[in-house]
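Novice: what's the 3D shape of this:
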Amino acid sequence: MKNILVTGAAGFIGSAFARYMVETYPHYNIVVLDKLTYAGNRDNLLSIDDEENYRFERADIADRGAVSRVLQQYDIDTIVNFAAESHVDRSILAPDAFVHTDVVGVYILLDEGKKHGIGRFLQVSTDEVYGDIESGLSVEGDRFLPNSPYAAAKAGGELMVRSYQVTHGMDTVITRGSNTFGPYQYPEKLLPLFITEAIDDRPLPVYGDGKQIRDWLYVEDHVTGIDVALHHGVSGEAYNIAGENTQFNIDVVHAMLDALGKPRSLIRHVPDREGHDRRYAMDASKLRALGWKRQWDWPRALQATVDWYLNNEWWWRKIKTGEYLEYFKRQYAERLASSSASE
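Specialist: Have a look, this model is predicted:
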């Protein structure tokens, strides 16, 4: 590896990975390609803007001409694909964009990568492809049972990756991350949404009874897991990157409010979203066998996240305007109008 294309790296996890790679591997050239949708933000990359081994290109991974040009211009030998529409709620409202990016875009990256002789292609995926599991832990060989348009599109992208590995012999690796949180996460996801709303003492719309179970993974641990899979993963294999920290959503909200010093009376239970999976949980032993180890425990990671949003209002306040407010209104206004207080 020398010249690595990181797609979708103006987003949350992708930008954390780009920052990490630029700083950890100064002998690699990191080229970020991002369409800069609503969730893509150049501010996420400010800390590496002046680094010699970093370049930024604005383009859509589903734009074949742009992808081909970037691969040639920078002599790319490795692709790490984060580019995705990733919010389940939005996939229910408007699934078209998810198919365009998460399936068609992956196909074009693979196809152009094959033509240009890419060495390794790593696809960043999600635990949601496994679907809802009542008990136990999902392992990499389990079948896919996606229950939202987002999860189905991510599963489709994974199957496209597999087809290029089997049919064309491409060197591919897939990672499946659990529910990731941390700095620079767009404030439509649970923790940044609720942290920023709670800072302003606004009501927090908790879906249903809040007893949905998610496996919470700090973004820095997710990034090092991808790094290990990129450098040491076996071609054709998938690797779970799990926080192994399953918690009820309502307990996460309680812990966040306690860390902020805000009252639990801000919680409002609202009608649940359609097809809401009850529980995700994965086994990460396959990745640990390659040498990966989590460095962040839950209390420290949660406090670091809360502190970051408290100290970086410049970043999120300018996001929570315009399109964001329109989305929030569409998603939550009626639900909040019919909500009930938690306690």
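Novice: Return the distance of the longest helix seen in the chain from the chain's centre.
Specialist: As assigned by DSSP state H, the longest helix anywhere in the chain is helix 149-168. Mean-position distance between helix 149-168 and its chain equals 17 Å (C-alpha atoms, centre = their mean, to the nearest Å).
Novice: Same check on stretch 24-34?
Specialist: Here stretch 24-34 is found 19 Å from its chain centre; the criterion is C-alpha atoms, centre = their mean.
Novice: ok so, going back, which strands and helices lie in contact with the longest helix of the chain?
Specialist: helix 88-93, helix 96-99, helix 106-115, strand 120-126, strand 172-177 (3 or more C-beta pairs under 8 Å, 6 or more residues apart in numbering; DSSP states H and E). Backbone N, C-alpha and C define where each C-beta goes, glycine included.
Novice: so how far is the first residue of stretch 122-140 from its last?
Specialist: 15 Å (C-alpha to C-alpha, to the nearest Å).
Novice: circling back: dump the longest helix of the chain to CSV, keeping only the CA atoms.
Specialist: The C-alpha trace of helix 149-168 is given here as CSV (Å, rounded to 0.1, in the frame of the first residue of the first chain):
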residue,chain,number,x,y,z
PRO,A,149,-33.9,0.0,3.3
TYR,A,150,-30.6,1.1,4.7
ALA,A,151,-29.6,-2.3,5.9
ALA,A,152,-30.8,-3.9,2.7
ALA,A,153,-28.7,-1.5,0.6
LYS,A,154,-25.6,-2.2,2.7
ALA,A,155,-26.2,-5.9,2.3
GLY,A,156,-26.5,-5.4,-1.4
GLY,A,157,-23.2,-3.6,-1.5
GLU,A,158,-21.5,-6.4,0.4
LEU,A,159,-22.8,-9.0,-2.0
MET,A,160,-21.4,-6.9,-4.9
VAL,A,161,-18.0,-7.0,-3.2
ARG,A,162,-18.2,-10.7,-2.8
SER,A,163,-19.1,-11.1,-6.4
TYR,A,164,-16.0,-9.2,-7.6
GLN,A,165,-13.8,-11.3,-5.2
VAL,A,166,-15.2,-14.6,-6.4
THR,A,167,-15.7,-13.8,-10.1
HIS,A,168,-12.7,-11.5,-10.8
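Novice: hmm, back to that, can you tell me which of the helices and strands packed on helix 149-168 is nearest to Gly275?
Specialist: Gly275 lies closest to helix 88-93 among these, at 7.5 Å (C-beta to C-beta).
Novice: okay, stretch 48-55 in CSV with CA atoms only?
Specialist: C-alpha atoms of stretch 48-55 as CSV (Å, rounded to 0.1, in the frame of the first residue of the first chain):
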residue,chain,number,x,y,z
ILE,A,48,-5.1,17.4,8.4
ASP,A,49,-5.8,20.0,5.7
ASP,A,50,-2.2,21.1,5.6
GLU,A,51,-0.6,17.7,5.7
GLU,A,52,1.6,16.8,2.8
ASN,A,53,0.2,13.2,2.5
TYR,A,54,-3.4,14.3,2.2
ARG,A,55,-5.6,15.4,-0.7
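Novice: Alright, calling it a day.
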